[in-house]
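# Okay, here's the prediction I keep looking at, along with the sequence it came from:
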Amino acid sequence: MKEFKDKVAVITGAASGIGLGMAKRCIQEGMRVVLADVEQAALDRAEKELSAMGGTVLPVLTDVSMLHQVEALAKKTVEAFGACHLLCNNAGVSGMEGSIWENSQTDWEWVVGVNLWGIIHGLRVFIPVMLAQDTECHVVNTASTAGLLPYHPGAAYHVTKHAVVALSEHLYRSLAEKGAKIKASVLCPGFVKTRILSSSRNLPLEYQGNPAAKPMSSGSEEAAWNYLVRNGFKVLSPDEVADAVFAAIKEERFYILTHPEFNELVRKRMENIIQGQNPPLGPVSFRS
Ligand SMILES: NC(=O)c1ccc[n+]([C@@H]2O[C@H](COP(=O)([O-])OP(=O)(O)OC[C@H]3O[C@@H](n4cnc5c(N)ncnc54)[C@H](O)[C@@H]3O)[C@@H](O)[C@H]2O)c1
């Protein structure tokens with residue numbers, strides 16, 4: 001996609017962080033934007049901010065882990081704007097720290113529901129809409145560097161982000177084989193200053209109450225980001241990530257990596273695999 005003016009973007013997790021950064025960028029490009037998010041108050045704030053920029057936006061309260069809510073999102077998008085040209089499957093939650101067995105059934109269900117099923121629903125519902133349009137379209141799935149590396153402190157997060165990379169690779173190939181006018185990218189950012197460390201604010205009530213579950217950050221969000229910066233990690237702003245996403249869409253580039261300092265770890269993982277080496281061990285914590 002090279003032309004964005006008057007085109008329609010649907011962004012999940014649009015009320016905060018990377019999603020909001022992409023929404024702002026879409027408005028700057030002259031697009032109409034459907035903001036899908038599970039958090040009503042944040043959605044209201046985002047609508048106000050983007051409308052003040054002169055944007056045409058449609059906020060739709062959506063839990064992406066629920067198929068019927070994603071179907072309703074598509075219906076509202078088509079009713080309001082008649083099409084969807086850019087789909088950003090971006091909503092995600094960090095889940096809990098701890099080993100696989102310490103995370104409860106519901107800890108797992110929450111993270112897999114949002115991070116993986118949310119994207120599967122987005123693709124199964126919106127790709128047929130895009131195919132029927134037969135216009136230039138693009139899909140961006142948000143994974144993470146966690147989807148390329150051998151470790152992340154959150155087991156469910158780690159698993160779902162690897163799955164999103166595989167899902168996106170499959171998508172890319174099937175769209176190309178079909179000769180569709182839809183391109184695809186997978187976004188694998190490193191650290192981005194957002195509210196991801198406070199994801200448990202959106203933990204559904206029925207999923208609460210596992211005493212063994214530790215949210216990803218126990219301290220303040222600001223302290224956690226400052227800790228990373230103090231320890232030499234590059235922390236990008238959502239606007240910088242949105243720039244990287246739009247550059248990739250224009251170039252029809254599939255992999256969107258924002259933190260080249262992680263490349264060596266990705267290379268090392270691949271070398272370990274083909275040389276039959278075990279995964280590396282060592283202290284890695286995102287806690288502040
Ligand atoms: N911030 C980082 O360092 C980082 C790094 C790599 C990948 N990511 C990924 O970026 C994506 C966006 O996260 P962010 O960092 O902007 O965090 P964020 O918490 O600022 O934004 C995530 C948004 O998703 C929404 N959301 C949560 N559950 C939802 C649901 N069930 N349905 C719909 N919306 C829901 C939240 O309300 C929030 O507005 C996620 O997929 C995350 O895994 C973030």
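Happy to help now that I have it.
# Can you show me the helices along the stretch 151-288 of the chain?
155-178, 221-230, 238-251, 263-274 (DSSP state H, counting those that start in this stretch).
# got a list of contacts for the longest one?
Which is helix 155-178. Helix 155-178 is contacted by residues 93-96, 98-100, 103, 107-108, 110-112, 115-116, 119-120, 123, 127, 131, 139, 141-144, 146-148, 151-152, 182-186, 188, 216, 254 when judged by C-beta atoms under 8 Å, 6 or more residues apart in numbering. Backbone N, C-alpha and C define where each C-beta goes, glycine included.
# For it, buried residues please.
155-165, 167-168, 171-172, 175 (16 or more other C-beta atoms under 10 Å).
# got it, and stretch 269-280?
So for stretch 269-280, counting by 16+ other C-beta under 10 Å, buried means Arg269.
# Just the terminal-to-terminal distance for that stretch.
9 Å (C-alpha to C-alpha, to the nearest Å).
# buried ones in stretch 101-111?
Neighbour counts over stretch 101-111 (16+ other C-beta under 10 Å) mark 103-104, 106-111 as buried.
# re earlier: in ChimeraX, how would I select the buried members of the contacts of helix 155-178?
Those of the contacts of helix 155-178 that count as buried under 16+ other C-beta under 10 Å are selected in ChimeraX with:
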select :93,94,95,96,98,103,107,108,110,111,112,115,116,119,120,123,127,139,141,142,143,144,146,147,148,152,182,183,184,185,186,188,216
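# Of the contacts of helix 155-178, which are in range of the ligand?
Contacts with the ligand are made by 93, 142, 144 out of the contacts of helix 155-178, judged by C-beta under 6 Å from any ligand atom.
# Please flag which of those sit within strands.
Thr142 (DSSP state E).
# can you tell me how far the spatially closest residue to Ser144 that is not a sequence neighbour sits from the ligand?
In space, and not counting its chain neighbours, Ser144 is closest to Lys161: 4.4 Å by C-beta to C-beta, 6 or more residues apart in numbering. With distances taken as C-beta to the nearest ligand atom, to the nearest Å, Lys161 is found 7 Å from the ligand.
# From Leu148, how far out is Lys161?
Separation of Lys161 from Leu148 (C-beta to C-beta, to the nearest Å): 8 Å.
# And for Leu175?
21 Å.
# same thing with Lys76?
Distance from Lys76 to Leu148, by C-beta to C-beta: 34 Å.
# Next: Asn90.
Taking C-beta to C-beta as the measure, Asn90 falls 17 Å from Leu148.
# count of neighbours near Glu29?
If you count neighbours by other C-beta atoms under 10 Å, Glu29 ends up with 17.
# what pLDDT does the residue nearest to it when sequence neighbours are not counted get?
Among residues not flanking Glu29 along the chain, Phe4 sits closest, at 3.8 Å (C-beta to C-beta, 6+ apart). In this model, Phe4 is scored at 98, pLDDT.
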